[in-house]
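J.: Sequence plus predicted model, see below.
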Amino acid sequence: MRFIVVACLGALTLAGTAFAEAPKRILSVGGAATETVYALGMGDHLVAVDQTSLYPWEKTHLLPNVGYVRALAAEGLLSLKADVLIAGPEAGPPVVLDQVEKAGMHVLRLREGYNEARAVERITEIGKALEREAEAKVIADALTADMASVEKEIAAAPSRPRVLFLLQAGRGAPMVGGAGTAADGMIVLAGGVNAASDIHGYKPLSPEAAIIAKPDIFVMMKQSVDAIGGADKVLALTELAETPAVRNRKLIVIDGLYTLGFGPRMAHATRDLAVEFHPEHKFPPLPDHPWTKAQ
Amino acid sequence: MTDIVQTHLPPLRLVRRPVVLGALALLLGASFLLALAIGAMPIPLRDVIAILFGYDVDSQFQAIILGLRLPRAVLAVLVGAGLGLSGAALQGLFRNPLADPGLIGISGGAALGAVGVIVLGHMLVAIIPFAADPRLMPLAAFAGGLIATFATERLAHHRGVAATGTLLLAGIAINAIAGAVMGILIFMSDDNQLREITFWTMGSLAKGGWSGALLAGPFVLLAIIVMLRYAQALNAMLLGEREAMHLGVSVEHLKRIVMVASALAVGASVAVTGIIAFVGVVVPHLVRMAAGPDHRIVLPGSALLGASLLLIADSLARIIVVPAELPIGLVTSLIGSPFFLYLLLRRKALTT
């Protein structure tokens, strides 16, 4: 028996060294991180993802799921025997990542940041960890070029609408996305003004604050709109009455991962939002890439 | 005082005591092994045992058993025993079967301490460098639990006597104040802090590790040793406060001891694991149903059964949604709440 154990161990060690070059078993937590793994053509090596890995859905929903990205379980992660854990900025709790690392798994921790530079950095880091640096450069360069052309168009658009991002967390008043949130980053990128920029983080919205904020446009994730019961119910909320956005019935429903993920599809998401923000301006479409098409 | 109470007890219970406690101790041993043997990573039982006896097996298995499962199991035993025993002692003290450690402000105060550090911790770091230490949160939670309990006890005191009813009301008021301040802190928090708070209130044995077990261990053990010595006095309390006094029990002293010991045990546990619901309420009832109301069985029995239940609940939490993990507070509540309802319905049936 002991001999078998030793033999197995030996085999494992050999396998370990053989695969040390390019990881064969990848574990990815965080929607944008998983998306990037697929964009790099390494999706087939994924052994599991997390609940926020929703793209490409037809592939990710078939994989084992490690649960909510902020409440990971150390032993569950280890049991997947991955060569590398790609941990999006939202992955946690930090103690669990430490425990996993201590038990010998390679952990790539990606840095938070709702801007182009950090998005490029995350793609590059994942490419490095997966030995797909050339592919990562192609994606990052495309993102940079696309962002440049979107930003040029946005600069040419005259309007600067006041935008309020609403998040429905459970029941009760919706929360607004203030400074420092992903929503704030995206609103500003797409040429809007965050009407809640004097608030930090997500805070519950009071009807009076909504009036003072004078939003021209509401932005909400699809799940939030569904939770309230559709766009009509949202525009009928007492908290939002008396705002220009309700009068003009302007509510933009977004896909949370696509628009707020700041992953490889970031430029396309910015363009799509900008089209809604600046109806007066004609935005030419961005070139399609293999990793943006599956949408 | 002991002799008087003892003679009132039917001899049958005295025979049952070693049997009941022996069975519960066996259950605890079995649950402990179970908690070490099962988990997301399939590890053969013989490897588990080999690792425990210090033999070299797969280094990753070793990291999982010694670094993850063992500290977790030890923490589960400490916390489960502390919660179960405190619940039993407080139920005896208040002669109220629904009493739990939350009632006298322990959990509310501890939660306030923890939330305070989560939300305001980064500001403290600027003033005192010590605030960056990860142990600050459990320490603050522990201090919060102690302070709240102490405040409850002080507020209820009137001319050297703390009436039970006043104690409960003071506990409710202290909980309300803690809740209100927590509301303010939650409002001030950003979304990362908000999430941390949410997970804290659902409880978890995952984050404690060895440092958590070492932090909680001394307090819980001290509290257990102290409380077990007051089993006879709590038995006398079953007859009523006045009757206990006539039997020679120093009722006020007993109240203070049980409350302080509970605050130590529960405060230290909650500090490391977050809020784990219902163990304190349900476990003493189970023991009482099996072995009657004698506190010489109920107190140690609740400690043993509480530890076993928490080990089993944590094992379930770890394997139900593999490779993810459920918060243990959810599992204990899922078991606890229906049982709590059953108790209520049974009481209703008995009184009508």
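T.: Received the coordinates, thanks.

J.: Give me the number of neighbouring residues for residue 262.
T.: Looking at chain A here, since you left the chain open. Residues within reach of A:F262, counting by other Cβ atoms under 10 Å in any protein chain shown, total 25. C-beta here means a position set from N, CA and C on the backbone, and glycine is covered the same way.

J.: look at chain B instead
T.: Count around B:S262 with other Cβ under 10 Å applied: 29.

J.: The strand or helix carrying it near chain A anywhere?
T.: If you go by DSSP states H and E, B:S262 is part of helix B:251-273. No - residues of helix B:251-273 are not located near chain A by Cβ under 8 Å from any Cβ of the partner chain, the shortest gap being 12.0 Å.

J.: Report all helices and strands that that helix contacts.
T.: helix B:70-94, helix B:106-127, helix B:136-156, strand B:161-162, helix B:209-228, helix B:231-237, helix B:241-246 (3 or more Cβ pairs under 8 Å, 6 or more residues apart in numbering or on different chains; DSSP states H and E).

J.: just checking, what packs against the fourth one?
T.: Packed against strand B:161-162, as judged by 3+ Cβ pairs under 8 Å, 6+ apart, are the following elements: helix B:251-273.

J.: Model confidence for the spatially most central residue of chain A, exactly?
T.: For chain A, A:G261 is the residue whose C-alpha lies nearest the centre (Cα atoms, centre = their mean; 1.9 Å). If you check A:G261, the pLDDT there is 96.

J.: Then B:V331?
T.: The per-residue pLDDT reported for B:V331 equals 88.

J.: And for A:N115?
T.: pLDDT at A:N115 comes out at 96.

J.: Any chance of the backbone angles for it?
T.: Main-chain dihedrals, A:N115, degrees, to the nearest 10: phi -150, psi 170.

J.: residues touching it, list them.
T.: A:185, A:189, A:262 (Cβ atoms under 8 Å, 6 or more residues apart in numbering or on different chains).

J.: The spatially closest residue to B:V77 that is not a sequence neighbour: neighbouring residues, count only.
T.: Distance criterion Cβ to Cβ, 6 or more residues apart in numbering or on different chains; nearest residue to B:V77, sequence neighbours excluded, is B:A307 at 4.3 Å. Applying other Cβ under 10 Å, we find 29 residues neighbouring B:A307.

J.: Just list the residues touching B:A307, thanks.
T.: Here B:A307 is in contact with B:28, B:31, B:76-78, B:80-81, B:84 (criterion: Cβ under 8 Å, 6+ apart).

J.: is it possible to export those residues to TSV including neighbour count?
T.: Putting those into TSV (neighbours: other Cβ atoms under 10 Å in any protein chain shown) gives the following:
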residue	neighbour count
B:L28	21
B:S31	25
B:A76	29
B:V77	24
B:L78	29
B:G80	33
B:A81	28
B:G84	33
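
J.: Turn those residues into a markdown table, including pLDDT and distance to B:V48.
T.: Compiled in a markdown table, those are given as follows (pLDDT from 0 to 100; distance: Cβ to Cβ, whole Å):
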| residue | pLDDT | distance to B:V48 |
| --- | --- | --- |
| B:L28 | 97 | 17 |
| B:S31 | 96 | 14 |
| B:A76 | 96 | 16 |
| B:V77 | 97 | 17 |
| B:L78 | 96 | 21 |
| B:G80 | 95 | 21 |
| B:A81 | 96 | 23 |
| B:G84 | 95 | 26 |
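
J.: from the residues you listed, which is closest to chain A?
T.: B:A76 (14.4 Å; Cβ to the nearest Cβ).

J.: was I right about that closest one contacting B:L28?
T.: No - counting by Cβ atoms under 8 Å, B:A76 does not reach B:L28; the two are 10.4 Å apart.

J.: how near is whichever residue of chain A sits closest to chain B to B:D314?
T.: Per Cβ to the nearest Cβ, A:G67 is where chain A lies closest to chain B, at 2.5 Å. Remark: distance between A:G67 and B:D314 (Cβ to Cβ, to the nearest Å) = 16 Å.

J.: Would you mind telling me which of these two has more residues around it?
T.: Each of A:G67 and B:D314 has its neighbours counted (other Cβ under 10 Å); B:D314 has more, 29 against 20.

J.: Who are the contact partners of that one?
T.: Taking Cβ under 8 Å, 6+ apart as the test, what B:D314 contacts is B:35, B:72-73, B:76, B:205, B:328, B:331.

J.: Out of the residues you listed, which is nearest to chain A?
T.: Chain A lies nearest to B:R72 out of the contacts of B:D314, by Cβ to the nearest Cβ, at 9.2 Å.

J.: what's around that closest one, how many residues?
T.: 29.

J.: And residue 47, which helix or strand is it part of?
T.: No chain specified, so I'll use chain A. Counting by DSSP H and E, A:V47 is part of strand A:46-48.

J.: try chain B instead
T.: Per DSSP H and E: helix B:45-52 holds B:D47.

J.: repeat for B:G248
T.: Using DSSP H and E, B:G248 sits within no helix or strand.

J.: for the helix holding B:D47, the distance to its chain's centre please.
T.: Counting by Cα atoms, centre = their mean, to the nearest Å, helix B:45-52 is centred 30 Å from the centre of its parent chain.

J.: what do you get for stretch B:279-295?
T.: A distance of 14 Å separates the centroid of the chain from that of stretch B:279-295, by Cα atoms, centre = their mean.

J.: then that stretch to CSV, C-alphas only?
T.: Only the C-alpha atoms of stretch B:279-295 are listed here, as CSV (Å, rounded to 0.1, in the frame of the first residue of the first chain):
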residue,chain,number,x,y,z
VAL,B,279,-26.7,26.4,18.7
GLY,B,280,-27.2,28.1,22.0
VAL,B,281,-30.9,27.7,22.0
VAL,B,282,-31.4,24.3,20.5
VAL,B,283,-28.7,22.2,22.0
PRO,B,284,-29.7,22.5,25.7
HIS,B,285,-33.2,21.5,24.7
LEU,B,286,-32.0,18.4,23.0
VAL,B,287,-30.0,17.4,26.0
ARG,B,288,-33.0,18.1,28.4
MET,B,289,-35.3,16.1,26.2
ALA,B,290,-33.0,13.1,26.3
ALA,B,291,-31.8,13.3,30.0
GLY,B,292,-34.1,15.6,32.0
PRO,B,293,-33.4,19.0,33.6
ASP,B,294,-30.5,18.1,35.9
HIS,B,295,-27.9,20.7,35.2
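
J.: Please point out which parts of it sit buried.
T.: In terms of neighbour count (16 or more other Cβ atoms under 10 Å in any protein chain shown), stretch B:279-295 has its buried residues at B:279-288, B:291-292, B:294-295.

J.: In PDB, list the C-alpha atoms belonging to stretch A:254-265.
T.: Taking C-alpha atoms only, stretch A:254-265 is exported to PDB below (Å, rounded to 0.1, in the frame of the first residue of the first chain):
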ATOM      1  CA  ILE A 254     -27.100  46.900 -19.200                       C
ATOM      2  CA  ASP A 255     -25.500  43.500 -18.900                       C
ATOM      3  CA  GLY A 256     -23.400  43.900 -15.700                       C
ATOM      4  CA  LEU A 257     -20.400  41.800 -16.800                       C
ATOM      5  CA  TYR A 258     -20.300  43.300 -20.200                       C
ATOM      6  CA  THR A 259     -20.600  46.900 -19.200                       C
ATOM      7  CA  LEU A 260     -19.000  46.900 -15.800                       C
ATOM      8  CA  GLY A 261     -16.600  44.000 -16.100                       C
ATOM      9  CA  PHE A 262     -13.700  46.000 -17.600                       C
ATOM     10  CA  GLY A 263     -12.500  42.900 -19.400                       C
ATOM     11  CA  PRO A 264     -11.500  42.300 -23.000                       C
ATOM     12  CA  ARG A 265     -14.900  43.700 -24.300                       C
END
